[in-house]
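**Q** Quick one, fold the following:
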Amino acid sequence: MKRADLIVAGAGLGGLSFLWHWLESDNRSQRITVIDRTFEPRSDRTWCFWGPPTAMFSVTASHSWHKSEVLFGDFAARQNLGDLRYHCIQSEDYQRLVLARIQNHPNVTLIEASIQEIGEDDDGAFVVSSVGRHRASWVVQSVQEHPAVGRTARYPIRQHFGGLEVETARPVFTPERFTMMDFRVPQRNGVTFMYTLPTSETTALVEHTVFSPTTMTPEEHFEATEQYIRETLDTDFTVLRRESGDLPMDDTFPPQQSSPRVFNIGIVGGNIKPSTGYAFSRIQRHTRALASNFALTGRLTPVAGSPSRFALYDLLFLRVMHSKPAHALMVFEALFRQNPIENVMKFLDERTHLFEELRMFVGLPKRHLLGGVFALMGRLRWLRAIQPFRGLGIAASLFAGWLGVLWMGLHGLHPAAGTVTADGAWILLTAFLSSGVFMTAHEAMHGLVVPGFPQTNRWVGRLSTWTYAGLDYDTLERAHHLHHAHPATSKDPDYHRGSPNPLRWYWNFMTQYLTWGQVLRMHVLFLALLYGLSIPLSKVMWFWAVPLVLSTFQLFFVGTWLPHRPGSYRGDGPLKARSLDLNPILSFFACFHFGYHYEHHARPDLPWWRLWRVRGLDGDALHHAERPRLRAIPTLSSLTTTPVADRVQAS
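**A** Next up, the predicted model:
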């Protein structure tokens, strides 16, 4: 079978959303294979979400509401949603919308088959299906739980529900207003409420929902729903359809990747909010970032999750619901009593700022929540997402160190200045730190300076390449991703052009990135040093120009020629790289662990300062080592649904 650039394993909400956002990108040149047991649209789910009237996919909604209500025993909040709407999409309509676009795309191949295995080896990623083995550089999948997942939930809450789509004997519903929560029902060992989506004055989907550690049967939910309609709505009715579901609302934290080239999306990829069960907007945000970057670079890179404070809020609510559900009901009531429903929706969608959240929390029962903060502090140590400021701090330290050393050398302020030994050592130190500045740009190309903030990475990268040698960062970034996609081949812009001789290769390597713009920028830097700062020409040459040239030799020989020169490569797979056999101390001084090049190509998600930790590893050990936990998500094994209305939201 022809090798694809990417395989989408599973054409559910996650897989189709990834494809939609890839189709929305400017570059759609990659070859994609989509595998699922069937591509026949199925009307087995309803995806409800809130967003503006013009939110993405709102045109596909079967119904939208601009008013909402939340009901308690002695309090009712009935409000207009302002600039928000609550939309509902039938899964069949969504599937038809996306499949209509991809079925005729020349670069997309659809394969109907059952998926048996997903994995990665030295030849790239693969999917084994009932019709054969399919290979690609990357896989996004939403069908198999990562086997390394096994953490037990501390607060194993389930959102279980059963509902009836009914037609009533008399008008009892307000079509433009949906009932988000009606707590005027018996509380059954958990937080219990009714959820109603009316489509006319006599038709609606009415669901009985419980947040609790133990679950009720669908039949028990149906009986509770019938009782609510007869006693609270006071009407006879005809049942048109039944649905039930059981969703996890727990604090397990599987990884975002199964291996470096296999990425998890949808619920498997962590896109469900633990405290509410909402997922649609998370799935859209995650797949949009993942697909857009893939379209741009031909690579998949991890997407940072929500700010850690939202995970803290989730755990606080889960803790209260798990230990004292009656107190959780008090928290819900206080939240809706003191805040407009529109603001609460934005908070649940994680689109609020810290000060907005603090204002919302002022009126909540503090003793029910604050006690949980201290109980959860240890939990948050492993809950946190990638630590973005560590990479930024290291980058800033390297940049400041380079500037300081450069300044001291240009002004003759270094120890024993004027002696051959001291000046030589200072030139080598400046060259080493210059390489560190370029390594910062390299980290930015992989999104590792500030993970999850691509624009910040680009600005840091541009600053680094400009100050390093007036280089154009955007050109380097595109070339570098091509290098990773096609290492040591004719498509690799960094590979030799017919002659592996190191000096000729170095010359070709350097001149291909030389532009008139760079020449102009280098002249500006040179003149600024010479005339703007009045630095003597000899010092400019010895302490700025010579370290720069030495740095380019260091980067080329350690990061290109030695790892990728022709010959046998480690594993002889598609990575086509080898590593230097150096201990971590020597590797650091050789070129910031850039000599661990096979490890870098196998794990481009690791920053240079963590590569030494995976030195010499292979296979699964390399794939799973140092894997950061990116966000809180439930395990797939805890998700069992019958035909169900997934309560999911979207921005």
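**Q** Without its sequence neighbours, what residue ends up closest to Leu428?
**A** Leaving aside its chain neighbours, Leu428 sits nearest to Leu550 (7.3 Å; criterion: Cβ to Cβ, 6 or more residues apart in numbering). (Glycine included, C-beta is placed from N, CA and C.)
**Q** In the helix or strand hosting Thr475, which residues are buried?
**A** Under the criterion of DSSP states H and E, Thr475 resides in helix 473-485. For helix 473-485, the neighbour count (16 or more other Cβ atoms under 10 Å) marks 473, 475-478, 480-485 as buried.
**Q** any idea which of those residues is least confident?
**A** Per-residue confidence over the buried residues of helix 473-485 reaches its minimum at Ala485, where pLDDT is 80.
**Q** Neighbours of the residue nearest to Leu428, how many?
**A** Other residues near Leu550 number 17, with proximity taken as other Cβ atoms under 10 Å.
**Q** Now that it has come up, it's in contact with Gly424, right?
**A** No: when contacts are counted by Cβ atoms under 8 Å, Leu550 is not listed as touching Gly424 (11.0 Å).
**Q** Adjacent strands (with direction) for the strand or helix carrying Trp138?
**A** Assigning secondary structure by DSSP H and E places Trp138 in strand 132-141. Paired with strand 132-141 in the same sheet, following DSSP bridges, are strand 4-9 (parallel), strand 124-129 (antiparallel), strand 262-264 (parallel).
**Q** Show me how the protein divides into domains.
**A** When the chain is parsed into structural domains using automatic domain parsing, the resulting residue ranges are 4-64+87-151+252-305, 157-249, 308-383, 388-624.
**Q** returning to that earlier point: closest one to His87 among the strands paired with strand 132-141?
**A** With distances scored as Cβ to Cβ, the stretch of the strands paired with strand 132-141 nearest to His87 is strand 4-9 (24.9 Å).
**Q** which residues are contacting that closest one?
**A** For strand 4-9, the surrounding residues in contact (Cβ atoms under 8 Å, 6 or more residues apart in numbering) are 15, 18-19, 30-36, 109, 115, 118, 125, 127, 134-144, 294, 298, 300.
**Q** Quick check: mean pLDDT of that strand?
**A** Summarised as a single mean, pLDDT over strand 4-9 is 96.
**Q** Surely Ile138 touches Phe294?
**A** Just so we're on the same page, residue 138 is Trp rather than Ile. Yes: Trp138 lies in contact with Phe294 (Cβ under 8 Å); the separation is 7.3 Å.
**Q** Which neighbours do those two have in common?
**A** When contacts are counted by Cβ under 8 Å, 6+ apart, the set common to Trp138 and Phe294 consists of 6, 300.
**Q** any idea where the helices of the stretch 301-450 of the chain begin and end?
**A** Using DSSP state H, counting those that start in this stretch, the helices of the stretch 301-450 of the chain run over residues 308-323, 325-338, 341-348, 354-361, 366-383, 388-410, 420-445.
**Q** again, but for the stretch 1-150 of the chain
**A** Shown for the stretch 1-150 of the chain, the helices assigned by DSSP H, counting those that start in this stretch span residues 13-23, 91-102.
**Q** Could you list every helix and strand that the shortest one packs against?
**A** Right, helix 13-23. If you count contacts as 3 or more Cβ pairs under 8 Å, 6 or more residues apart in numbering; DSSP states H and E, helix 13-23 packs onto strand 4-9, strand 32-36, helix 91-102, strand 132-141, helix 280-297.
**Q** Quick one: residues in contact with it.
**A** Identification of contacts with helix 13-23 by Cβ under 8 Å, 6+ apart yields 8-9, 28, 30, 32, 34, 36, 47, 91, 94-95, 98-99, 101-102, 105, 108, 140-142, 265-269, 271, 280, 283-284, 287-288, 290-292, 294-295, 646, 648.
**Q** What subset of those residues is buried?
**A** 8-9, 30, 32, 34, 36, 47, 91, 94-95, 98-99, 102, 108, 140-142, 265-269, 271, 280, 283-284, 287-288, 290-292, 294-295, 646, 648.
**Q** pLDDT (mean, whole number) over the helix or strand harbouring Glu223?
**A** Applying DSSP H and E as the criterion places Glu223 in helix 218-231. Across helix 218-231, pLDDT averages out at 96.
**Q** Looks like Val450 contacts Ile394 (just checking).
**A** No: with contact defined as Cβ under 8 Å, Val450 and Ile394 do not form a contacting pair (11.2 Å).
**Q** Buried residues of stretch 48-67, list them for me.
**A** 48-51, 55-58, 60-61, 63-65, 67.
**Q** where does Leu240 land in three-state SS?
**A** Reduced to three states with DSSP: H, G, I helix; E, B strand; the rest coil, the structure at Leu240 is strand.
**Q** Please identify the nearest residue in space to it, excluding sequence neighbours.
**A** Here the nearest residue to Leu240 in space, its sequence neighbours aside, is Glu165; by Cβ to Cβ, 6+ apart that works out to 4.5 Å.
**Q** How about Ile265?
**A** For Ile265, ignoring the flanking residues on the chain, the nearest one in space by Cβ to Cβ, 6+ apart is Gly14 at 3.9 Å.
**Q** So what's the residue count around the one you found?
**A** Around Gly14 sit 28 other residues, with neighbours defined as other Cβ under 10 Å.
**Q** likewise Phe18?
**A** 31.
**Q** Equivalent analysis for Trp507, please.
**A** As a burial measure, Trp507 scores 13 neighbours (other Cβ under 10 Å).
**Q** And Gly567, by the same measure?
**A** Other residues within reach of Gly567 by the criterion other Cβ under 10 Å amount to 8.
**Q** Equivalent analysis for the one 10 residues further on, please.
**A** Taking other Cβ under 10 Å as the neighbour definition, Ala577 ends up with a count of 22.
**Q** Would you agree it is in contact with Arg603?
**A** No: at 11.6 Å, Ala577 does not count as touching Arg603 under the criterion of Cβ under 8 Å.
**Q** before we move on, what SS does the residue nearest to Leu240 have?
**A** Criterion first, three-state DSSP; result for Glu165: strand.
**Q** Number the residues from 157 up from this point.
**A** Sure, I'll start counting at 157 from here, so that last one is Glu321.
**Q** Distance of it relative to Arg397?
**A** The span separating Glu321 from Arg397 equals 4 Å under the rule Cβ to Cβ, to the nearest Å.
**Q** again with Phe450
**A** Phe450 sits at a distance of 38 Å from Arg397 (criterion: Cβ to Cβ).
**Q** What of Arg257?
**A** Distance from Arg257 to Arg397, counting by Cβ to Cβ: 29 Å.
**Q** picking that back up, and the strand holding Trp294, what's buried?
**A** Of the residues in strand 288-297, those scored as buried under the neighbour-count criterion (16+ other Cβ under 10 Å) are 290-297.
**Q** Now Ala309: which helix or strand?
**A** In this assignment (DSSP H and E), Ala309 forms part of neither any helix nor any strand.
**Q** Pretty sure it sits against Asp407.
**A** Yes: with contacts defined as Cβ under 8 Å, Ala309 counts as touching Asp407 at a distance of 5.4 Å.
**Q** lowest average confidence, helix or strand, in the chain?
**A** Taking mean pLDDT, DSSP states H and E as the measure, the helices and strands of the chain show their lowest mean at helix 522-539, namely a mean of 57.
**Q** If you count surrounding residues, which of Glu321 and Arg397 has more?
**A** More neighbours sit around Glu321 than around the other of Glu321 and Arg397, counting by other Cβ under 10 Å; the figures are 19 against 11.
**Q** can you pull out the helices in the stretch 607-756 of the chain?
**A** According to DSSP H, counting those that start in this stretch, the helices that the stretch 607-756 of the chain contains are 610-625, 629-641, 658-667, 672-683, 693-696, 702-712, 718-720, 740-747, 753-758.
**Q** Columns distance to Leu361 on top of those helices, output as JSON lines?
**A** JSON lines is the format used below for these (distance: least, Cβ to Cβ, whole Å):
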{"stretch": "helix 610-625", "distance to Leu361": "39"}
{"stretch": "helix 629-641", "distance to Leu361": "46"}
{"stretch": "helix 658-667", "distance to Leu361": "63"}
{"stretch": "helix 672-683", "distance to Leu361": "60"}
{"stretch": "helix 693-696", "distance to Leu361": "75"}
{"stretch": "helix 702-712", "distance to Leu361": "61"}
{"stretch": "helix 718-720", "distance to Leu361": "59"}
{"stretch": "helix 740-747", "distance to Leu361": "60"}
{"stretch": "helix 753-758", "distance to Leu361": "49"}
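**Q** Sounds good, over and out.
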